[in-house]
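>>> Just a sequence and a predicted model for now, questions to come.
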Amino acid sequence: MSKKVENTVNKKLEKKTEEETSKAMDTLLGNKGDQNSNPNEIKTTGGPAEVSVPATREEEIKMYTKSDWVPGEEIILSDDFGDDPIGDFPQLWNTNGSGELVTLSDNPKQKWLKLYNYTWYEPDLPKDLSRDFTVEFDTRTFNIKEDNTSQTAGFYVYLGDGEKPLKYGSGYVSFYASPFPKWVKEQTYKSFYHENGGEVARGNVNKDIRQAFQDGMHIGISVKGQRYRVYINGEKFVDSPRALSDTERFGSILFYTYGLADNQAILISNLRVAEGLPEPREKLFKTGSYSTTAITFDVDSDQLKPEAFGILKKIAEAIKAEPGKKLMIVGHTDSDGSKEHNLDLSARRAASVKDALVHEFGVEPDRLSTEGKGENVPIASNDSNLEKAKNRRTEFIIK
């Protein structure tokens, strides 16, 4: 494959006035001329969930402590749109239509890419993907209701061959999810097509994710050789051991929506793509330290994201397999914000990691100590979203 995208975009941080932010919010909420709409509220409705899709954060964490979801180790793409202004299209993405970044009033620090109807969206990848990688992102819907949504509404995520921009090509795998809230519709994955037109696998999964889709869900996609897996909020949704060609490499990730009205939206954020499998025990006890970016937190917060619990479980297993050894947990941040704030934030994040290892996975508390180093020990430049993501890491050091 020839597609190699270099992220050489010169970034310019633009300050937007409150009036511009409010305008972007109004666009998302569909408040044109609607005197009853409140741009400071988010309203969602939908039918009850019928499977174990977590309804609360506590349930999400419990789900992930039992989940086998673990993200890739070497991060190659990370985008929370932190460097892009509200109302603009993100700089490191491509589209054949339009789109814009918005915020929602329940968490104004979090930016979302609003996807337009019948439009393709493709983030820039720095290289073709290896045989083992993970893709994960957050998604949610807005204004999807029983009485205003087409039964054809849909959301696709493609892994394509990367030969042409905004085209999934002859070799691909895709996952389809329906936000239509009136009935439980089968969610579909459609697998690999190789050059002579043969289809390797196709499948349907009849699970109700309507409420999770509306409230916000974390989607994880894992590729390991021929095996293709999809997770929703930590629950394994698709697991096809031979869904993929044994030789093909993927070079693109594409998102596509259809069947939505102008005042409805599907939103995505916090895209993370990483390669390789984490091996905390191998690295920690052979080299004396282990550093990972897979332990993630809410924006500017010490609150662990539920999807971080898969790697924490592996780390806990490694620690408990080596009784008697004590470890220092060190938190690191990027350079956004003041040094004092980042130092405090990194210390609180390290403490949160210790708390999870102790209370969720049974590590003895006297074996763990914590420290925060803020932005003081960077391993990357802080000049891009990817470099910042590399600096936002948690380090484990044998004492």
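The structure has been received and is ready for your questions. Residues are numbered from 1 along each chain as shown.
>>> which element is Ile221 on?
If you go by DSSP states H and E, Ile221 is part of strand 217-224.
>>> What pairs with that strand, parallel or antiparallel?
Sheet pairing of strand 217-224 (DSSP bridges) gives strand 132-142 (antiparallel), strand 227-232 (antiparallel).
>>> May I see the buried residues of that strand?
Met217, His218, Ile219, Gly220, Ile221, Ser222, Val223 (16 or more other CB atoms under 10 Å). Just so you know, the C-beta spots here come from the backbone N, C-alpha and C atoms, and that holds for glycine as well.
>>> before we move on, back to that, want to try a markdown table for the strands paired with strand 217-224, with distance to Lys111 and mean neighbour count as columns?
A markdown table is the format used below for these (distance: least, CB to CB, whole Å; neighbours: other CB atoms under 10 Å):
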| stretch | distance to Lys111 | mean neighbour count |
| --- | --- | --- |
| strand 132-142 | 11 | 22 |
| strand 227-232 | 22 | 22 |
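>>> between those strands, which one is nearest to Leu327?
Smallest distance to Leu327 across the strands paired with strand 217-224 (CB to CB): 25.4 Å, for strand 132-142.
>>> Render the CA-only coordinates of the closest one in CSV, please.
Listed next in CSV are the C-alpha coordinates belonging to strand 132-142 (Å, rounded to 0.1, in the frame of the first residue of the first chain):
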residue,chain,number,x,y,z
ASP,A,132,-2.1,-6.4,15.7
PHE,A,133,-3.8,-3.1,16.6
THR,A,134,-6.7,-1.5,18.4
VAL,A,135,-9.0,1.4,17.6
GLU,A,136,-11.2,3.0,20.3
PHE,A,137,-13.3,6.1,20.5
ASP,A,138,-16.3,7.6,22.3
THR,A,139,-19.6,8.2,20.6
ARG,A,140,-23.0,9.4,21.4
THR,A,141,-26.2,10.7,19.8
PHE,A,142,-28.2,13.8,20.1
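>>> Check which element follows that strand along the chain.
By DSSP H and E, the next helix or strand past strand 132-142 is strand 154-160.
>>> Remind me what that following strand packs against, helices and strands.
strand 132-142, strand 173-177, strand 217-224, strand 252-258 (3 or more CB pairs under 8 Å, 6 or more residues apart in numbering; DSSP states H and E).
>>> wait, Gln91 sits on Asp83?
Yes. Counting by CB atoms under 8 Å, Gln91 touches Asp83, with 7.5 Å between them.
>>> give me the beta-bridge partners of Leu327?
Beta-bridge partners, per DSSP bridges, of Leu327: Leu368, Ile398.
>>> Do you know the pLDDT at it?
pLDDT recorded at Leu327 is 97.
>>> what about it, distance to Glu364?
11 Å (CB to CB, to the nearest Å).
>>> More neighbours: which of those two?
Leu327 (25 against 13; other CB atoms under 10 Å).
>>> residues touching the more buried one, list them.
The neighbourhood of Leu327, defined by CB atoms under 8 Å, 6 or more residues apart in numbering, consists of Leu284, Ile319, Arg367, Leu368, Ser369, Phe396, Ile397, Ile398, Lys399.
>>> Can you check my assumption that the first one lies in a helix?
So the one you mean is Leu284. Yes. Leu284 sits within a helix when classified using DSSP: H, G, I helix; E, B strand; the rest coil.
>>> Glu395 is in contact with that one, correct?
No. At 10.1 Å, Leu284 does not count as touching Glu395 under the criterion of CB under 8 Å.
>>> And the helices in the stretch 201-350 of the chain?
For the stretch 201-350 of the chain, the helices defined by DSSP state H, counting those that start in this stretch cover 210-215, 280-287, 309-320, 339-359.
>>> Going by neighbour count, which residues in the longest one are buried?
Residues 342-354, 356-358 are the ones in helix 339-359 that count as buried (16+ other CB under 10 Å).
>>> how about these, which pair is most distant?
Asn342 and Val358 (24.6 Å).
>>> Can you tell me which residue is spatially central in this structure?
Closest residue to the average C-alpha location of the chain: Phe137 at 2.1 Å, with CA atoms, centre = their mean.
>>> so what's it up against?
Phe137 sits in contact with His218, Ile219, Ile268, Ser269, Asn270, Leu271, Arg272, where contact means CB under 8 Å, 6+ apart.
>>> again, but for Lys305
Taking CB under 8 Å, 6+ apart as the test, what Lys305 contacts is His218, Thr296, Phe297, Asp298.
>>> you'd agree Glu371 is up against Ala350?
Yes. Applying CB under 8 Å as the test, Glu371 and Ala350 come out as touching, 6.2 Å apart.
>>> what do these two both touch?
Common neighbours of Glu371 and Ala350 (CB under 8 Å, 6+ apart) are Ile329, Val330, Gly331.
>>> of those residues, closest to Pro179?
Gly331 (36.5 Å).
>>> on that earlier part again, shared neighbours, Leu284 and Glu395?
Joint contacts of Leu284 and Glu395 (CB under 8 Å, 6+ apart) are Tyr290.
>>> Skip the chain neighbours and tell me the closest residue to Val363.
Using CB to CB, 6 or more residues apart in numbering and skipping the chain neighbours, the partner closest in space to Val363 is Leu357 (4.3 Å).
>>> The one you found contacts Ala316, doesn't it?
Yes. Under the criterion of CB under 8 Å, Leu357 makes contact with Ala316 at 5.3 Å.
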